[in-house]
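Peer 1: Structure of the sequence below:
(one chain, ligands or ions: 2)
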Amino acid sequence: MIKEIATTPYADQRPGTSGLRKKVPVFQQRHYVENFVQSIFDSLDGFAGQTLVVGGDGRYYNREAIQTILKIASANGFGRAVVGKGGILSTPAVSALIRSLKAFGGVVLSASHNPGGPDGDFGVKYNVANGGPAPEKVTEAIYQRTKTITSFKIVEAADVDIDTFGATQLGDMRVEIVDSVENYAALMQTLFDFDRIRDAFRSGFAMRFDAMSAVTGPYAHAILEGMLGAAPGSVLNGAPLPDFGGHHPDPNLVHAKHLYDLAMSPAAPDLCAASDGDGDRNLIIGRGRFVTPSDSLAILAANAHLAPGYRSGIAGVARSMPTSGAADRVAEKLGVALYETPTGWKFFGNLLDAGLVTICGEESAGTGSNHVREKDGLWAVLLWLDILAARKQSVDAIVRDHWATYGRNYYSRHDYEEVDSDGAHALIKTLRDRLPALKGRSFGALHVKEADDFAYHDPVDGSDSLNQGLRVMFEDGARIVYRLSGTGTAGATLRVYIERYEADPAKQFGETQQALADLIALSREIAEIERFTKRRAPSVIT
Ligand code: G6P
Ligand code: ZN
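Peer 2: Ligands and ions are numbered 1, 2, ... in the order given. You can find the predicted model right below:
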């Protein structure tokens, strides 16, 4: 029975960089999920009788939200919903399923790498038919709708059993509960040489993959240990927990410090890797060698042809603007195009759909390819594994070889987290106003060549995205970038990205913070970070 229920709008349902993300108690408000989901469907056309993929990273409120979404999807006329068993689907697995089922779209329940649990974060994101996050014109339409919504449609029915395989009816909609891993694993088999990787494990290659008690556990167990023969125990924290075991499922050097310590210890395996809450980010650390996400993108682009799925070469590379220029040099050498986009995976969608690029990546630990329309943590790990198996060299040797060939981009991101929002916005505004005056100025040995506010013109759909980050570029190729995070849920987070190119092989093995020390000091000075944020130092350095 379909019911139409009156509701009143919430003013705060504007999707951010990656869907609507809020604290769980916000989502638990009366009709909060209902309003947003109905607003999504109200902003779409032509889904009657079509398929919707639904799943999430297993965090707290995942199961409740899925029931609500299914009932509203049925009432609005979807013909079929495909749900991962237990409500579990990684973000890239949703993308893969949408594509292989030719579904109309999908709803991903996740707040990515943010902590979960009753007081943690939750999120709802809509993905379109190409498997990627909805473009800005869709998310903006959804937001406009949330401000005027007066009712939602829902079927009155018992909850669907999402823990048992098979199909059931929910009103006029068929609900299928499918294996969370199968479709994704089959896709990975088409891209990588599983035999070669299996041989490497058989010959003693050792790895640790930390699923951080989040969604990639089942995928990693099945693919790494099951299909590829990694030693049992290679996968750590492999059971998804609603609160991620109280951990922060962000695979960076702060929250996965234990992995870093392991990789730097005498007991280090050949490869340490991790993924985040919803499985789209990755962390790669070889024995004694952390690989920055920007370097990882460049190295994967340079070596992708070694994997069967990319044997015929790559069409082009895309990176977000704050990501280091390491990939640019690879693209140049390969003679393929390099695209610089605003932060946010959604900006890669058009380039991938148009076949302009094959590999994409971001400094925020995201790497992926045209196999789906999301970044993909396990994919990155598998591509690294395949390259390591093909080259029969260590991670460290491959990184050193890469720097010797292309030069090294020293790179670091300094985050000032949860600072006062007004202060952070004032900092950006003040600096933006000062950009014209910065051009041509010298600070010691540093000469400002260009200073601008990054804008992106999408070559595929012609759209323009303005105000995507402030860039101060120096004559020697060094760069400082400032932007405010679009994913935080409390206050504002200022991100400062600092980079310096080093062509001289004799100078490529310095410590990053030291190699960037003058730029770091200058980054604080020209933006008056302390005055605006009341912070003397960043809260996280990656
Ligand atoms: C999410 C998006 C990424 C993006 C990142 C940036 O993870 O999926 O594409 O790079 O957010 O987050 P920020 O907090 O810097 O806006
Ligand atoms: Zn994520």
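Peer 1: Report how many residues lie close to residue 103.
Peer 2: 24 (other Cβ atoms under 10 Å). For glycine as for every other residue, the C-beta is placed from the backbone atoms N, C-alpha and C.
Peer 1: Flag the shaky bits of this structure, pLDDT-wise.
Peer 2: 489 (pLDDT under 70).
Peer 1: domains in it, as residue ranges please.
Peer 2: Annotated domains of the chain cover 2-180, 184-406, 408-541 [automatic domain parsing].
Peer 1: Could you dump the ones you listed into TSV and include distance to ligand 2?
Peer 2: As requested, the domains of the chain are exported to TSV (distance: least, Cβ to the ion, whole Å):
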stretch	distance to ligand 2
domain 2-180	3
domain 184-406	4
domain 408-541	9
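Peer 1: Can you pull the residues of this protein lying near ligand 1?
Peer 2: Within reach of ligand 1 by Cβ under 6 Å from any ligand atom, the chain has these residues: 17-18, 112, 320, 343-345, 362, 364, 366, 485-487, 495.
Peer 1: Can I get those residues in a markdown table including neighbour count and secondary structure?
Peer 2: Formatted as a markdown table, these follow (neighbours: other Cβ atoms under 10 Å; DSSP: H, G, I helix; E, B strand; the rest coil):
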| residue | neighbour count | secondary structure |
| --- | --- | --- |
| 17 | 17 | strand |
| 18 | 23 | coil |
| 112 | 27 | coil |
| 320 | 27 | strand |
| 343 | 25 | coil |
| 344 | 21 | coil |
| 345 | 25 | helix |
| 362 | 25 | strand |
| 364 | 25 | coil |
| 366 | 26 | strand |
| 485 | 20 | coil |
| 486 | 16 | coil |
| 487 | 19 | coil |
| 495 | 23 | strand |
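Peer 1: Which member of those residues is positioned nearest residue 250?
Peer 2: For these, the minimum distance to residue 250 (Cβ to Cβ) is 8.3 Å, reached by residue 112.
Peer 1: OK, contacts around that closest one?
Peer 2: Shown in contact with residue 112 (Cβ atoms under 8 Å, 6 or more residues apart in numbering): 18, 21, 57, 91, 123, 276-278, 280-281, 487.
Peer 1: let's go with 7 Å and repeat that
Peer 2: Taking Cβ atoms under 7 Å, 6 or more residues apart in numbering, we find residue 112 in contact with 18, 276-278.
Peer 1: before we move on, what about residue 69?
Peer 2: 37, 54, 107.
Peer 1: For it, grab phi and psi.
Peer 2: phi -60, psi -40 (degrees, to the nearest 10).
Peer 1: Then residue 234?
Peer 2: According to degrees, to the nearest 10, residue 234 has phi -70, psi -30.
Peer 1: Just give the nearest non-adjacent residue to it, would you?
Peer 2: Distance criterion Cβ to Cβ, 6 or more residues apart in numbering; nearest residue to residue 234, sequence neighbours excluded, is residue 207 at 5.4 Å.
Peer 1: beta partners of that neighbour?
Peer 2: On the basis of DSSP bridges, residue 207 is bridged to residue 271.
Peer 1: Tell me if I'm right that it and residue 228 touch.
Peer 2: No. Contact criterion Cβ atoms under 7 Å: residue 207 and residue 228 do not qualify, at 9.6 Å.
Peer 1: Compare these two and say which one has the larger neighbour count.
Peer 2: residue 228 (25 against 21).
Peer 1: which ones are touching the more buried one?
Peer 2: Per Cβ under 7 Å, 6+ apart, neighbours of residue 228: 194, 197-198, 201.
Peer 1: And for residue 315, the neighbour number?
Peer 2: When neighbours are defined as other Cβ under 10 Å, residue 315 has 17 of them.
Peer 1: For the spatially closest residue to it that is not a sequence neighbour, give me phi and psi.
Peer 2: Nearest residue to residue 315, sequence neighbours excluded (Cβ to Cβ, 6+ apart): residue 358, at 4.8 Å. Dihedral angles of residue 358 (phi, psi; degrees, to the nearest 10) stand at phi -110, psi -40.
Peer 1: and if you look at residue 523?
Peer 2: With angles defined as degrees, to the nearest 10, residue 523 sits at phi -60, psi -30.
Peer 1: Residue 239 now?
Peer 2: According to degrees, to the nearest 10, residue 239 has phi -100, psi 120.
Peer 1: close enough to count as contact, residue 118 and residue 60?
Peer 2: Yes. Residue 118 is within contact range of residue 60, at 5.8 Å (criterion: Cβ under 7 Å).
Peer 1: For the lengthiest helix in the chain, output the C-alpha coordinates as PDB.
Peer 2: Assignment by DSSP state H gives helix 421-438 as the longest helix of the chain. Only the C-alpha atoms of helix 421-438 are listed here, as PDB (Å, rounded to 0.1, in the frame of the first residue of the first chain):
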ATOM      1  CA  SER A 421      34.000  28.400   9.900                       C
ATOM      2  CA  ASP A 422      33.800  32.200   9.600                       C
ATOM      3  CA  GLY A 423      37.500  32.600  10.200                       C
ATOM      4  CA  ALA A 424      38.300  30.000   7.500                       C
ATOM      5  CA  HIS A 425      36.100  31.700   5.000                       C
ATOM      6  CA  ALA A 426      37.600  35.100   5.800                       C
ATOM      7  CA  LEU A 427      41.000  33.600   5.300                       C
ATOM      8  CA  ILE A 428      40.100  32.400   1.800                       C
ATOM      9  CA  LYS A 429      38.400  35.700   1.000                       C
ATOM     10  CA  THR A 430      41.300  37.800   2.100                       C
ATOM     11  CA  LEU A 431      43.800  35.700   0.300                       C
ATOM     12  CA  ARG A 432      41.700  35.700  -2.900                       C
ATOM     13  CA  ASP A 433      41.700  39.400  -2.800                       C
ATOM     14  CA  ARG A 434      45.400  39.500  -2.400                       C
ATOM     15  CA  LEU A 435      46.200  37.100  -5.300                       C
ATOM     16  CA  PRO A 436      46.800  39.800  -7.900                       C
ATOM     17  CA  ALA A 437      49.300  41.600  -5.700                       C
ATOM     18  CA  LEU A 438      51.200  38.300  -5.000                       C
END
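Peer 1: Tell me the helices and strands packed up against it.
Peer 2: Applying 3 or more Cβ pairs under 7 Å, 6 or more residues apart in numbering; DSSP states H and E, one finds that helix 421-438 contacts strand 446-453, strand 470-474, strand 479-484, strand 492-502, helix 529-533.
Peer 1: got a markdown table for the ones you listed, with distance to residue 189 too?
Peer 2: Listed next are the helices and strands packed on helix 421-438 as a markdown table, based on distance: least, Cβ to Cβ, whole Å:
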| stretch | distance to residue 189 |
| --- | --- |
| strand 446-453 | 44 |
| strand 470-474 | 41 |
| strand 479-484 | 38 |
| strand 492-502 | 36 |
| helix 529-533 | 48 |
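Peer 1: Fine by me, thanks again.
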